[in-house]
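A.B. asks: Next input, structure requested:
(2 chains)
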Amino acid sequence: DVKVTQSSRYLVKRTGEKVFLECVQDMDHENMFWYRQDPGLGLRLIYFSYDVKMKEKGDIPEGYSVSREKKERFSLILESASTNQTSMYLCASRTGTQGGQPQHFGDGTRLSIL
Amino acid sequence: GQSLEQPSEVTAVEGAIVQINCTYQTSGFYGLSWYQQHDGGAPTFLSYNALDGLEETGRFSSFLSRSDSYGYLLLQELQMKDSASYFCAVRGQAGTALIFGKGTTLSVSS
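C.D. replies: A predicted model of the protein is given here:
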């Protein structure tokens, strides 16, 4: 079974802090993704990566950056946390480029910015 | 860009059949996927349609009409455990990332 592990289930930080959310997958997947999920808005794509050191902006990249130094790890960075970044953050991974390959999600990190 | 429309809520009783519709707009089409998410849980893959027609997996079926930019998820013999949010998704224009609809919350009552 594919396992996508997010480092924290719950996280509380203060405005202005630099926040790191970590995600590790164990299936040698090329592609990794970060989404945020808010009530009524569904899952919105922040960034994704299709290879080590490669990254692409999603629909809402402002205020975020990412790092992929190793194939199994994809980090989301909030450069200077703000209260409107309070959300559930979901990491996912996927193999290949065919549309039918499923994305496997982690359990999410519920981040609160105070 | 891409956009997907699906109803926000659907209610049904145990044993019933429910259909969740999804219409999409995308510049390039690479198939329609469906995901299920229970409250507090991670989204999990249910089905994928690349071609027109019906795909059946147990109690769940998914349908696609590419000419209408439309698909649906059909859930039969509903059970309480089917209460969850259901998302349709298409592959984004920029590459391999899925773009999701806002989700349909299904409530099954006894």
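A.B. asks: all contacts plus neighbour counts: C-alpha atoms, from now on.
C.D. replies: Will do.
A.B. asks: Any idea which residue of chain B lies closest to chain A?
C.D. replies: Residue of chain B nearest chain A, by CA to the nearest CA: residue B:102 (3.9 Å).
A.B. asks: In which helix or strand does that residue reside?
C.D. replies: Under DSSP states H and E, no helix or strand contains residue B:102.
A.B. asks: Need phi/psi at the closest residue to it other than its chain neighbours.
C.D. replies: Excluding the flanking residues, the one nearest residue B:102 by CA to CA, 6 or more residues apart in numbering or on different chains is residue A:42, at 3.9 Å. With angles defined as degrees, to the nearest 10, residue A:42 sits at phi 70, psi -150.
A.B. asks: again, but for the one 4 residues further on
C.D. replies: Main-chain torsions, residue A:46, degrees, to the nearest 10: phi -100, psi -60.
A.B. asks: per-residue confidence for it?
C.D. replies: Here the pLDDT value assigned to residue A:46 is 97.
A.B. asks: I'd guessed it sits against residue A:37; true?
C.D. replies: No. Assessed by CA atoms under 8 Å, residue A:46 is found out of contact with residue A:37, at 10.4 Å.
A.B. asks: Please say which of those two ends up with more neighbours.
C.D. replies: Using other CA atoms under 10 Å in any protein chain shown as the criterion, residue A:46 and residue A:37 rank with residue A:46 on top: 23 against 18.
A.B. asks: so who does that one touch?
C.D. replies: A:33, A:34, A:35, A:36, A:57, A:58, A:59, A:60, A:61, A:64 (CA atoms under 8 Å, 6 or more residues apart in numbering or on different chains).
A.B. asks: Closest one of those to residue B:67?
C.D. replies: residue A:59 (26.2 Å; CA to CA).
A.B. asks: what helix or strand is the closest residue to that closest one other than its chain neighbours on?
C.D. replies: Nearest residue to residue A:59, sequence neighbours excluded (CA to CA, 6+ apart): residue A:45, at 5.5 Å. Taking DSSP H and E as the definition, residue A:45 sits inside strand A:42-49.
A.B. asks: Sheet-wise, list the partners of that strand with their directions.
C.D. replies: Using DSSP bridges, strand A:42-49 pairs in its sheet with strand A:31-38 (antiparallel), strand A:56-57 (antiparallel).
A.B. asks: Just the local confidence number for the residue nearest to residue B:102, please.
C.D. replies: 93.
A.B. asks: How many neighbouring residues does it have?
C.D. replies: Counted with other CA under 10 Å, residue A:42 comes out at 19.
A.B. asks: separation between it and residue A:101?
C.D. replies: Computed with CA to CA, to the nearest Å, the distance linking residue A:42 and residue A:101 is 21 Å.
A.B. asks: Now do the contacts for residue B:62.
C.D. replies: By CA under 8 Å, 6+ apart, the residues touching residue B:62 are B:47, B:48, B:49, B:54, B:55, B:56, B:71, B:72, B:73, B:74.
A.B. asks: Select only the buried ones of the residues you listed in ChimeraX?
C.D. replies: To isolate the buried members of the contacts of residue B:62 in ChimeraX, using 16 or more other CA atoms under 10 Å in any protein chain shown:
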select /B:47,48,49,54,55,71,72,73,74
